[in-house]
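Enquirer: Here is a sequence with its predicted model. Questions after.
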2 protein chains.
Amino acid sequence: MRRRRVTISDVADRLGLTKSTVSRALNGYDDIAEGTRRRVEKMARRMGYRPLSHAQAIRTGRTRSLGLVLQTDVHDAHRPFLADFLAGLTGEASGEGWALTVASAEGEAGMLATLERLIEEHKADGFILPRTRVRDPRVELLRAAGVPFVLYGRTGDPQGCAWYDILGEEAMRAAVLRLAGHGHRRIGYVGGGAGMNYALLRRAGYLAGLGEAGLAADPALMCHGAVTPEEGRAATEALLELDRPPTAIVFAVDMAALGAYDAAARFGLGIGRELSVIGYDGIPEGAWARPGLTTYHVDSRRAGARLAHLLIARIRGVAPEQLRELEPARLLRRQSDAPPVLASAGLAERIAANNT
Amino acid sequence: MRRRRVTISDVADRLGLTKSTVSRALNGYDDIAEGTRRRVEKMARRMGYRPLSHAQAIRTGRTRSLGLVLQTDVHDAHRPFLADFLAGLTGEASGEGWALTVASAEGEAGMLATLERLIEEHKADGFILPRTRVRDPRVELLRAAGVPFVLYGRTGDPQGCAWYDILGEEAMRAAVLRLAGHGHRRIGYVGGGAGMNYALLRRAGYLAGLGEAGLAADPALMCHGAVTPEEGRAATEALLELDRPPTAIVFAVDMAALGAYDAAARFGLGIGRELSVIGYDGIPEGAWARPGLTTYHVDSRRAGARLAHLLIARIRGVAPEQLRELEPARLLRRQSDAPPVLASAGLAERIAANNT
DNA sequence: CTCGCTTCCGAAACCGGTTTCGGCAAGAGC
DNA sequence: GCTCTTGCCGAAACCGGTTTCGGAAGCGAG
């Protein structure tokens, strides 16, 4: 019972024009009289005409659709925010008449294969690449294929890259200064995923914070590659078993920070008392941990919206160098950080006593 | 530097055939000689030919793409599972050469407008509808438009509907029996969102469980419409302030169950001790609450995969009555439920004493 | 040998748009 | 009054596929 769509020819017939004239009138060609253009636009609106994007695509090569490939085998911090991220992306995109095509892949090889397939089938005019690595094969693939893309994050070789990113390094720096302000003198660091670009930046931010606070960087106080609670627990235990353990730890990712709660429990330490913890990401689990996890929150919805905006501009031909945005994370003050109740030496004794 | 795509004409020329022959060979027409078909298929594979789905769509009217519209203003339990859900959807879809088009909308009016736009622009051949209501305007819209769809959940008027759903009612029933098995005699219930179809079913499951356990249903022990921690806290407090409070509460949604932790803390009750709690959904926050929340978990990835499968079948013309699947939820045993340490009367005294 | 029936493929139309090209009419220039 | 622009639109090709239609072979039957 569905009525036939109204096509461009329907509009043309109704006006006594040809479809070529209607098409040019609607697409802003300058060889159409102003009065005609207005008549066409009015009639198109009145008849409810909407061009079929895939019909346009076959001639123009533009699908008016953005591509996003999710990697299904990594349980990263972005997952709880995916709904917001997608809301931002699609909200901004649909405002401009664009759609979002989502695919998923397992592993790096799968990711590249999926991207190639989407490019080959021209399912999208450009791609959003989250979770950027320092050296990112997706970037190389898209660069070589000449397909527009925009990064959620930065990368090692910025040539030809547009991006939106949150200043994780500034958050790490601020976290160290905040802890130093509490009176902590030994502040540990548990870094994020190996190869990830954010890991490099956040680590630098931690070091910058130490320098600014007048504290010496101690390599023994720095761990890396912890992105799950289990890894975070192991890293925290290793730090706490040092001769001079940290009284506070900054985590590059919240998931790892949650592991500190287990480690602290094992040694009979109170989070926000004997051990202060600050995370990054703002995952909802952090609000339900006890005490609540102090962390830096990222506005994923805004990130999605900005990325859609940037990618559409990129597809329209704006130079990538002009499409780079950086914004700060926002501190969520909760209860996992406070002035130390024990100095490092006292903490070491307590830990040794409780270490079974 | 991108090389031109290989088109159907390229394949035809290479074989000395016309593109019409190649097209029919590839699409299984029976007026093509078996030998020719094989030659065509082999050459197409060798040349890496992939038809452009939007070029096909203009003639066939099939985009080979599934549509999903997310509602951005509801913070439902599905959100943490969205990544899994999408992975399931796209994994299954891409296996059959289909893509997923995602859009978002705010409010019911926005949802319907977005669906209409997607239908009008033919962005998808069919739609997945999560979060079904008893009377669902999306169903009415799609039914009237003659567009295929499949529900994640059931609905009041099943006519013309295909669906995949988890047996939430069975989980509620099992939760009651489990608590009764612990020795609880007064078991409360906090139901889910008004108008949602699952709320009706889970409530019925709770009542069925009571009956089966030989316990009388007490209307005073049943609350409704709690889907956030705050609402869950309020509902729990109301139940606990009864003259004969429940010693255990079953929650239709985990988010509300988390609120019970706050309510219990206020009255000085231990979860899994003076008050037992069982939830439903399996959200990750439940694992980080202390004690861990016993709940029923839904495999969102599988749900996505099955829904994609069902929808593709539906689009291909299978009758909706043959496309209905129901599966059980899986119990996650944690520490929030146990035998009662106080009977209802004793509990009431304790609560009265602690109620400030 | 002819006729009729299959089998198999080419030619051409078609889908809904975009873009190129050419031409008519009106106005400008002389 | 004639040419030369310029403005504006129609005709037709095109994009990459699908589908309809018709006809040339090949084959068996009479």
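Expert: Thanks, I have it.
Enquirer: contacts, neighbours, all on C-alpha from now
Expert: Noted.
Enquirer: Off-centre distance for the helix or strand encompassing A:G346?
Expert: Assignment of secondary structure by DSSP states H and E places A:G346 within helix A:344-354. Remark: helix A:344-354 is offset 39 Å from the chain centroid, using C-alpha atoms, centre = their mean, to the nearest Å.
Enquirer: dump the residue contacts of the spatially most central residue of chain A.
Expert: Centroid check for chain A by C-alpha atoms, centre = their mean gives A:Y152 as the closest residue, at 4.8 Å. Taking C-alpha atoms under 8 Å, 6 or more residues apart in numbering or on different chains, we find A:Y152 in contact with A:128-132, A:163-165, A:303, A:307.
Enquirer: now stretch A:131-148: how far from the chain's centre is it?
Expert: If you compare the mean C-alpha spot of stretch A:131-148 with that of the full chain, they lie 16 Å apart, counting by C-alpha atoms, centre = their mean.
Enquirer: Ok, stretch A:174-193 next?
Expert: Averaged C-alpha coordinates place stretch A:174-193 at 23 Å from its chain's average position (C-alpha atoms, centre = their mean).
Enquirer: Just the buried positions in that stretch, please.
Expert: Buried residues in stretch A:174-193, counting neighbours by 16 or more other C-alpha atoms under 10 Å in any protein chain shown, are found at A:174-180, A:184-193.
Enquirer: Does A:R5 touch B:H122 like I think?
Expert: No: here A:R5 does not reach B:H122: they are 9.8 Å apart, not a contact under C-alpha atoms under 8 Å.
Enquirer: Please tell me how far A:G346 sits from B:Y164.
Expert: 58 Å (C-alpha to C-alpha, to the nearest Å).
Enquirer: which one of these two has more residues nearby?
Expert: Counting neighbours by other C-alpha atoms under 10 Å in any protein chain shown for A:G346 and for B:Y164 shows that B:Y164 has the greater number, 22 against 15.
Enquirer: what about the strands in the stretch 101-250 of chain A?
Expert: Taking DSSP state E, counting those that start in this stretch as the test, the strands found in the stretch 101-250 of chain A are A:126-130, A:149-152, A:162-166, A:187-190, A:222-223, A:248-251.
Enquirer: Which among the ones you listed is found nearest to B:L82?
Expert: Nearest of these to B:L82, taken as C-alpha to C-alpha: strand A:126-130 at 16.2 Å.
Enquirer: Can you name every helix or strand that the closest one contacts?
Expert: Using 3 or more C-alpha pairs under 8 Å, 6 or more residues apart in numbering or on different chains; DSSP states H and E as the contact criterion, the secondary-structure elements in contact with strand A:126-130 are strand A:65-71, strand A:149-152, helix A:300-315.
Enquirer: mind checking which of these is nearest B:E116?
Expert: For B:E116, the closest of the helices and strands packed on strand A:126-130 is strand A:65-71, at 17.7 Å, according to C-alpha to C-alpha.
Enquirer: Now do the domain split for chain A, please.
Expert: For chain A, the structural domains run A:8-51, A:65-166+A:300-327, A:168-298+A:333-354, going by automatic domain parsing.
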